[in-house]
Structures are given as C-alpha cells and as structure tokens.
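Visitor: Predicted model and sequence below, questions to follow.
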Amino acid sequence: MNISLTPTRIACAIASALLLAFAAAPASAAPVKNIVLVHGQFADASGWKPVYDILAKDGYNVNMVQEPLTSLDEDVAATVRVLARQQGPSILVGHSYGGAVITQAGTDPHVAGLVYIAAHAPDAGESTASNKNKIPGQIRTVTTPDGFVFVDPAHFHEDFAGDLPADQAEFMARSQIPAAARVNTTLITNPAWRVKPSWYMVAKQDRAINPDLERMYAARAHSHTVEVDGAHTIYISRAKEVAAMIEEAAQSAGN
C-alpha cells in the first residue's frame, strides 16, 4: 500500500519525533538556589556582607554560618544545622579555615558543590596545621594561656587584610574572634572534595595561607580554579569575582 507523504503528514511526523525525543531526554536540573557561607578564623560571618548583597540581588537564598571556632566538630555541627534548614540542595562556601569545615561537612546530602575561597582543603588524615607546616604562610599569631589563637593586631593589616583600607583592617583586628588552637590540629576524616564538585579561588598575595598551598589544594581536588590578585580577605575585596564563582558553581552543580 502506497502512502502519500503530503506536507501535512511530514510535518506531523517531524513533530511526533521531536516530542518522543524530548520525552526520552533526561530533564535538566534547575540551578542550585541555596548558598551557605562559612567564615574562617579571626573573623565572623559579617565579612560575607559584600558577597551576600550580590548573591541576594541575583535571586539566591543565602545564609551564613556563625561557627563558635571552639572545635572542628562543633563548627561542622553549626554548619550542618544551617544546611538542614535549606529547602533543596546547597552550594557550600568556605573561606580560610572555613574550607576545612566545608571539607568535613560537605558530605552532607544537601550539598551539591563546594567553593573554596583562599581556603584550606585537607585530605583524610591531614589538618590545617600539618599542611601549613609543610608549606608555611607568613601570618603572625599569638596564643593565649588557655589555648586560643588570634592574629597579632600590630600585623593584622599586613598579614591578613592587606587588600583592605587601613581603618577597616584596624576594626577587623580589634573585633577578631580567637579560635581554639585545637581546630587547627584536628584531622579530617572524610573529605567532601573527593566526592563533590569543587571550585577554588587562589589569592596570589595571601600571607595567611601560602598561595602555593592553595594551588596544591585546588590541583589535588581537580577544582575549577581561578587566581586573583589579593590578600587573604579576597572574600571582601574581590566580592564580585567571589560571587561570580559561587554563581558558576550553582549553575553547574545543578546540572
């Protein structure tokens, strides 16, 4: 039997084929809309304000963790509590020591991807201290008799916040939160960067964490890596670039 292929029948056949193709193709996941920001030592979550403003304006649901900086386990628990409040997956972002926190906390099923901003990313059996001993930075710290560490205020601007105005660095020096020394010696047990996609921003003039250590972390984790001019406080001074990397992670991890 001969079937006449009229233009109408051809158009219908093409439309049917396209519908079948779309039905068979897997649905593309929506971009991740939740962002959780984790600060490092000698600072608190208020330092994320410039990044928060950009991400919130762009429609992201942004929350900050206020870690107690009393132990790695307690800092991880504080992070997991914030993750648990989010509806859907989250991008977990860590600065400085906050990178160790997200490395340990990031195996949480709510986490879709990790972003490290001039941050530590230890492997299992490593600590931030053991890695800093191998590739030291230049930051000058003071340890209190009861075992808490802070940056010497006389050197805070040079060692921690060299890319910020002097008056801003002075305020941060006077308001810094000392961290229990043990947070730096606690070993990572289950590094999330081994099972989750990651992004890394290296601060090329960082004195708190040696930029070569940052590069090692990024290369080992196979992170999507960008290097920028800036000191340890690039999460403030380079907020636009930091926010752009976080948004890239949110777009990519959602697919």
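Guide: Ah, there it is.
Visitor: What's the separation between residue 84 and residue 189?
Guide: 20 Å (C-beta to C-beta, to the nearest Å). For every residue, glycine as well, the C-beta is placed using N, CA and C.
Visitor: Touching, residue 95 and residue 41? I think so.
Guide: No - counting by C-beta atoms under 8 Å, residue 95 sits too far from residue 41 to count as a contact (9.7 Å).
Visitor: what ranges do the strands span in the stretch 1-150 of the chain?
Guide: Counting by DSSP state E, counting those that start in this stretch, the stretch 1-150 of the chain has strands at residues 34-38, 61-65, 90-96, 111-119, 141-143, 148-151.
Visitor: more crowded one of residue 95 and residue 41?
Guide: Set residue 95 next to residue 41 and count neighbours by other C-beta atoms under 10 Å: residue 95 wins out with 31 against 26.
Visitor: Now for that one: which residues touch it?
Guide: Shown in contact with residue 95 (C-beta atoms under 8 Å, 6 or more residues apart in numbering): 37, 38, 39, 40, 43, 47, 117, 118, 119, 235.
Visitor: Adding distance to residue 147 and neighbour count as columns, could you present those residues in JSON lines?
Guide: Shown next, in JSON lines, are the contacts of residue 95 (distance: C-beta to C-beta, whole Å; neighbours: other C-beta atoms under 10 Å):
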{"residue": "37", "distance to residue 147": "27", "neighbour count": "28"}
{"residue": "38", "distance to residue 147": "22", "neighbour count": "31"}
{"residue": "39", "distance to residue 147": "20", "neighbour count": "26"}
{"residue": "40", "distance to residue 147": "18", "neighbour count": "30"}
{"residue": "43", "distance to residue 147": "19", "neighbour count": "26"}
{"residue": "47", "distance to residue 147": "24", "neighbour count": "21"}
{"residue": "117", "distance to residue 147": "27", "neighbour count": "31"}
{"residue": "118", "distance to residue 147": "25", "neighbour count": "30"}
{"residue": "119", "distance to residue 147": "23", "neighbour count": "31"}
{"residue": "235", "distance to residue 147": "27", "neighbour count": "29"}
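Visitor: wait, which of these is closest to residue 134?
Guide: Checking the contacts of residue 95 against residue 134 with C-beta to C-beta, the nearest one is residue 119 at 16.4 Å.
Visitor: That closest one bridge partners, please.
Guide: residue 96 (DSSP bridges).
Visitor: before we move on, the earlier item: deepest of the strands of the stretch 1-150 of the chain, which one?
Guide: Highest mean neighbour count of the strands of the stretch 1-150 of the chain: strand 90-96, a mean of 30 (counted as mean count of other C-beta atoms under 10 Å).
Visitor: when you compare where that one runs with where strand 61-65 runs, what's the angle?
Guide: Strand 90-96 and strand 61-65 are oriented at 40 degrees to each other (axes from the mean of the first three to the mean of the last three C-alpha atoms, to 10 degrees).
Visitor: The most centrally placed residue in the chain: what's it in contact with?
Guide: Geometric centre of the chain, nearest residue: residue 93, 2.3 Å, by C-alpha atoms, centre = their mean. Shown in contact with residue 93 (C-beta under 8 Å, 6+ apart): 35, 36, 37, 38, 102, 114, 115, 116, 117, 246.
Visitor: same thing with residue 177?
Guide: 41, 42, 43, 44, 69.
Visitor: quick one: the closest residue to residue 59 other than its chain neighbours and residue 98, what's the gap?
Guide: Leaving aside its chain neighbours, residue 59 sits nearest to residue 33 (7.2 Å; criterion: C-beta to C-beta, 6 or more residues apart in numbering). Relative to residue 98, residue 33 is positioned 21 Å away (C-beta to C-beta).
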